[in-house]
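Visitor: fold the following.
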Amino acid sequence: MPIFSSLTSAVLVVALLAMPGAAQESGIEVGARAPRAMVSTLDGKPADIGSFIGGKPTVLYFWAFWCPSCKELEPEFMSAQRKHGAKVRFVAVAVSVNQSRQRVKAYTARHKYRHLTLFDNEGNATDVYDVPATSYVVVVDAAGKVVYTGLGGKQDLDAAIAKSIAP
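Guide: Predicted structure coming up:
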């Protein structure tokens with residue numbers, strides 16, 4: 001009987017997660033106002049992530065150089081930046097788990113990243129954005145409202161960015 005109950009519970013959870021319109025499990029709610037959070041630049045200077053929100057759409061990308069999903073998403077992120085960079089701000093937020101500011105700075109220099117990269121050394125941005133894992137993307141419109149959240153190596157960033165651009 002306990003095995004049946006566990007199996008039934010597992011099937012129910014999978015079914016609920018697969019339902020269209022099911023509640024978002026984690027991450028900042030779509031429709032929420034993008035919060036402020038203190039992080040730092042790769043040079044160690046304090047920076048408020050909120051100062052990069054508003055005026056034009058912003059793509060926030062929570063990543064780590066050791067993350068396989070991040071490596072998978074990187075070509076899509078770079079392509080979106082080339083395509084939308086004049087209209088949209090791209091900000092990568094390096095999480096501090098198993099990374100140091102110096103290692104992130106070396107990695108971004110070696111890969112010739114053109115987007116702004118910040119370091120979330122105390123987990124402030126990770127906390128206020130309720131980041132479930134690395135490879136988490138938050139798209140914010142020009143008014144500061146979250147219009148998309150996504151997780152994983154396969155995301156359609158062009159479609160996500162389109163939600164942030166006024167018609």
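
Visitor: the residue lying closest to E72 once chain neighbours are set aside: which element?
Guide: Closest residue to E72 apart from its sequence neighbours, by Cβ to Cβ, 6 or more residues apart in numbering: G153 at 2.9 Å. All C-beta spots, glycine's among them, are computed from the backbone N, C-alpha and C. Under the criterion DSSP states H and E, no helix or strand holds G153.

Visitor: where in the chain is pLDDT low?
Guide: Along the chain, segments meeting pLDDT under 70 span 1-25, 166-167.

Visitor: three-state assignment of the spatially most central residue of the chain?
Guide: For the chain, the residue nearest the mean C-alpha position is V137 (2.5 Å; Cα atoms, centre = their mean). Classification of V137 using DSSP: H, G, I helix; E, B strand; the rest coil returns strand.

Visitor: now do the same contact list for the residue lying closest to it once chain neighbours are set aside.
Guide: Sequence neighbours aside, G150 is the residue nearest to V137 in space, at 4.8 Å (criterion: Cβ to Cβ, 6+ apart). Going by Cβ atoms under 8 Å, 6 or more residues apart in numbering, G150 touches Y136, V137, A160.

Visitor: which of those residues sits closest to R103?
Guide: In terms of Cβ to Cβ, no member of the contacts of G150 lies closer to R103 than Y136, at 20.1 Å.

Visitor: quick check: bridge partners of the residue lying closest to that closest one once chain neighbours are set aside?
Guide: Once flanking residues are discounted, Y136 sits nearest to F62: 4.3 Å by Cβ to Cβ, 6+ apart. Taking DSSP bridges as the rule, F62 bridges to V93, Y136.
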